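1. One predicted model, sequence on top.
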Amino acid sequence: MIIGLLKEPDFETRVSMVAETVAAITKKGITVLVEEDAGAKAFCANDEYEKAGATITTRANVITQSTIIAVIHPPVATELGQYAVQGKVCIGMYQPLFHPGLMQEYAAQQLTVFSLDMLPRTTRAQSMDVLSSQANIAGYKAVLTAAASYGRYFPMFMTAAGSIAPAKVLILGAGVAGLQAIATARRLGAVVEVFDTRPAVKEEVMSLGAKFVEVEGAADASKAGGYAVEQTEEYKQKQQQRIAESVAKADIIITTAQIPGKKAPVLITEAMLQSMRNGSVVIDLAAATGGNTPVTQNAQTVHYNGVSIIGNSSLQSTMPADASKLYGKNLLNFLQLIIDKENQLHLNWEDDLVKGACITHEGAVVHERVVGA
């Protein structure tokens with residue numbers, strides 16, 4: 001068994017496995033090939049991988065010699081011919097619902113593709129839940145980014161020169177990213193309000209010291225794996241009215257709402273943005289899927305009527321060392337499901353996690369949701 005670790009595209013700072021993760025694999029007697037400088041941007045040098053038992057080699061060697069290839073972003077299309085070996089496996093976060101055509105290309109090359117962002121959101125899957133581990137970092141960094149961009153204090157200050165009121169932070173979405181954002185904003189001294197369509201998260205929100213904004217009549221999201229779900233028009237109207245009231249008072253807004261395989265819902269309208277005071281900041285973590293405002297641009301800062309809208313769905317990549325460490329641990333736990341005690345590839349299709357994360361196998365797209373995308 002050979003596991004290969006590839007360097008990510010230039011825009012990505014993370015890597016699938018740091019040396020610590022590689023060491024845990026090589027101790028089992030599994031060979032690990034690492035592309036030269038794969039972990040450089042995550043502060044993991046070649047010699048650290050070598051000390052962990054890996055072999056540093058070229059990208060081509062990693063691709064052609066490995067049975068399992070770990071690469072966070074989709075394999076490069078121009079290299080697919082090198083992957084064309086029956087039984088080769090790729091594992092990463094490929095957003096297959098947004099790229100069904102690409103998945104068809106992988107199937108045509110006989111690639112077996114596992115996309116960890118498609119794992120069922122169950123208790124058993126928590127140790128390999130890459131969405132949660134990365135969202136936790138994104139929620140934390142969203143608040144720090146907002147604080148750095150906001151021209152005023154976050155906490156209340158009472159000085160001889162006068163008093164400064166605390167910043168008012170509104171967080172839309174109380175998933176993993178939202179909850180971490182609440183905790184971080186509260187530690188910085190902000191007053192925090194939170195909106196979420198799921199009444200079940202109210203207790204968690206309040207336990208972190210934030211106020212929960214309630215809107216009655218939300219559709220049941222208990223089976224959506226932590227994501228938002230489509231709502232009725234009546235509910236959307238109530239939602240917009242209640243959000244508008246909170247937006248008008250907010251200095252900082254952090255939005256996290258996404259729907260799997262669909263464009264992110266627009267929660268903050270242009271009229272709401274116009275109600276915010278000069279110098280306010282919006283951090284839109286749903287930017288990659290369209291954003292939660294109508295003016296959001298992914299990987300850009302848009303200045304609208306005195307408000308800065310920062311679209312960034314990759315804040316986890318601004319903390320590459322810890323993000324890679326957590327991702328690698330998730331990956332290691334998943335590998336234990338598909339590698340047997342003899343260090344051979346063993347794909348158990350009776351395992352709901354193996355089946356749920358598999359997108360392509362034996363020349364076909366096998367994931368039901370991707371087939372219908």
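-> Noted; the coordinates are in hand. This is a predicted model, so every value here is computed, not measured.

2. Sketch out the low-pLDDT regions of the stretch 251-373 of the chain for me.
-> For the stretch 251-373 of the chain, the stretches with pLDDT under 70 are 373.

3. Tell me where it has helices.
-> With helices called from DSSP state H, counting those that start in this stretch, the stretch 251-373 of the chain shows them at 270-275, 320-338, 352-357, 368-371.

4. looking at those, which is buried most?
-> Comparing the helices of the stretch 251-373 of the chain by mean neighbour count (mean count of other Cβ atoms under 10 Å), helix 320-338 ranks first with a mean of 21. No exception for glycine: its C-beta is placed from N, CA and C like everyone else's.

5. what sits against the residue nearest to residue 188 when sequence neighbours are not counted?
-> Distances taken as Cβ to Cβ, 6 or more residues apart in numbering put residue 154 closest to residue 188, at 4.2 Å, once the chain neighbours are dropped. Residue 154 sits next to 147, 166-167, 185, 188-190 when contact means Cβ atoms under 8 Å, 6 or more residues apart in numbering.

6. What separation do you get for residue 154 and residue 286?
-> The gap separating residue 154 from residue 286 is 23 Å, by Cβ to Cβ, to the nearest Å.

7. ditto for residue 59
-> Between residue 59 and residue 286 the distance is 32 Å, computed by Cβ to Cβ.

8. got the domain boundaries for the protein?
-> Using automatic domain parsing, the domain parsing of the chain gives 2-118+320-366, 132-318.

9. for the last one, the distance to its chain's centre please.
-> Translated: domain 132-318. Distance of domain 132-318 from the chain centroid (Cα atoms, centre = their mean, to the nearest Å) equals 16 Å.

10. what does stretch 74-90 give?
-> The answer for stretch 74-90 is 24 Å, by Cα atoms, centre = their mean.

11. Buried residues in that stretch, which are they?
-> Under the neighbour-count criterion of 16 or more other Cβ atoms under 10 Å, stretch 74-90 has 74-75, 80, 82-83, 88-90 buried.

12. cool, stretch 45-63 as well?
-> By neighbour count on 16+ other Cβ under 10 Å, the buried set for stretch 45-63 is 46, 48-49, 52-56, 59, 62-63.

13. all helices of the stretch 1-150 of the chain, in order?
-> 19-26, 46-51, 59-65, 80-83, 100-108, 130-149.

14. Of all those, which one is nearest residue 366?
-> Across those, residue 366 has its closest neighbour in helix 100-108 (8.4 Å, Cβ to Cβ).

15. Can you tell me which helices and strands that closest one packs against?
-> strand 358-361, strand 364-365 (3 or more Cβ pairs under 8 Å, 6 or more residues apart in numbering; DSSP states H and E).

16. Residue 300 is nearest to which of the ones you listed?
-> strand 358-361 (29.9 Å).

17. Describe which strands that closest one pairs with in its sheet and in which direction.
-> Applying DSSP bridges, strand 358-361 is found paired with strand 112-115 (antiparallel), strand 364-365 (antiparallel).

18. Relative to residue 99, how far out is residue 73?
-> Going from residue 73 to residue 99 by Cβ to Cβ gives 11 Å.

19. cool, and residue 109?
-> Residue 109 is 15 Å from residue 99, where distance means Cβ to Cβ.

20. try residue 87
-> According to Cβ to Cβ, residue 87 stands 23 Å off from residue 99.

21. Reformat the domains of the chain as TSV; add distance to residue 124.
-> Compiled in TSV, those are given as follows (distance: least, Cβ to Cβ, whole Å):
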stretch	distance to residue 124
domain 2-118+320-366	7
domain 132-318	13
